[in-house]
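Q: Starting from these lines, generate the structure:
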Amino acid sequence: MAHLEVKPRNGAPWWLWLLLSLIALGLVLYFINRYNSDARLDKPTPDTSIKETAPQIDTL
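A: Numbering: from 1, shown residues only. Just a heads-up that it's a prediction; the model follows:
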């Protein structure tokens, strides 16, 4: 019988997967933040403050 030497397949290093994951996460967060910031600028915020001042009536 022939002697066949089997070499294990070299996978990508763990740090490469970590780097690619961080880049993908950064891109996702960038696009989510970009989408949310544009949505807030289009809609005006309503004024919900309560003004408790007496009415200005001319009594003279």
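Q: Average pLDDT for the host helix or strand of Leu19, rounded please.
A: Assessed by DSSP states H and E, Leu19 sits inside helix 14-42. Helix 14-42 carries an average pLDDT of 84.
Q: likewise stretch 50-60?
A: For stretch 50-60, mean pLDDT is 68.
Q: Next, find the distance separating the spatially most central residue of the chain from Trp15.
A: For the chain, the residue nearest the mean C-alpha position is Leu29 (2.8 Å; C-alpha atoms, centre = their mean). Distance of Leu29 to Trp15, computed by C-beta to C-beta, to the nearest Å: 21 Å. Backbone N, C-alpha and C define where each C-beta goes, glycine included.
Q: Based on its surroundings, how many neighbours for Val6?
A: For Val6, the count of nearby residues is 5 (other C-beta atoms under 10 Å).
Q: Same question for Arg34.
A: 10.
Q: Next up, the contacts around it.
A: With contact set as C-beta atoms under 8 Å, 6 or more residues apart in numbering, Arg34 has no partners.
Q: and the gap between it and Thr45?
A: 20 Å.
Q: and if you look at Pro13?
A: Distance, Pro13 to Thr45, by C-beta to C-beta: 49 Å.
Q: just Phe31 next, same as before
A: Distance check for Phe31 against Thr45: by C-beta to C-beta, it reads 24 Å.
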